[in-house]
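> coords below, sequence missing:
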């Protein structure tokens, strides 16, 4: 994800526990690279891992840290339109537990 702001952590993974829709939720955030930005102060490339499956969980957790996902018009970091007017969040891995436990 590309975040509009800094998240700290010094490159070490850290937990974000913030209720989503009144239900407990947990995400793991890890800062990969931070770059100065004139309008936003800082852009941070980060790995985000949801541990619970709440709707908009990663978007809400990033916003709660003060670094919403770039392009997130709903939770605070609009991209400004143009060709790149979308949420800067991409999946690199998807794991699903098989119903039979295999």
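That came through fine. If you're wondering where the values come from, they're calculated on a predicted model, not measured in any experiment.
> can you give me the helices in this protein?
All helices of the chain, identified by DSSP state H, fall at 57-64.
> Tell me the spacing between residue 3 and residue 58.
Residue 3 sits 10 Å away from residue 58, going by C-beta to C-beta, to the nearest Å. All C-beta spots, glycine's among them, are computed from the backbone N, C-alpha and C.
> Just the buried residues of the longest strand anywhere in the chain, please?
When every strand of the chain is counted residue by residue (DSSP state E), the longest turns out to be strand 26-37. Judged by neighbour count (16 or more other C-beta atoms under 10 Å), strand 26-37 contains these buried residues: 26-27, 29-31, 34.
> who does that strand touch, helix- and strand-wise?
Using 3 or more C-beta pairs under 8 Å, 6 or more residues apart in numbering; DSSP states H and E, the elements in contact with strand 26-37 are strand 14-17, strand 41-50, helix 57-64.
> Nearest to residue 96, out of those?
For these, the distance to residue 96 is smallest for strand 41-50, at 13.1 Å, taking C-beta to C-beta.
> Okay, now the sheet partners of the closest one, with direction.
According to DSSP bridges, strand 41-50 forms sheet pairs with strand 2-4 (antiparallel), strand 26-37 (antiparallel).
> who wins for proximity to residue 67 among those strands?
Taking C-beta to C-beta as the criterion, strand 2-4 is the member of those that comes nearest to residue 67, at 4.1 Å.
> I'd like the distance from the closest one to the chain centre, please.
Its chain's C-alpha centre lies 8 Å from the corresponding centre of strand 2-4 when counted by C-alpha atoms, centre = their mean, to the nearest Å.
> ok, now stretch 93-102?
Using C-alpha atoms, centre = their mean, we find the averaged C-alpha position of stretch 93-102 to lie 23 Å away from the chain's own average C-alpha position.
> who's in contact with that stretch?
With C-beta atoms under 8 Å, 6 or more residues apart in numbering as the test, stretch 93-102 has no contacts from any other residue.
> Where does the prediction get shaky in this protein?
Low-confidence segments of the chain, defined by pLDDT under 70, span residues 77-85, 102.
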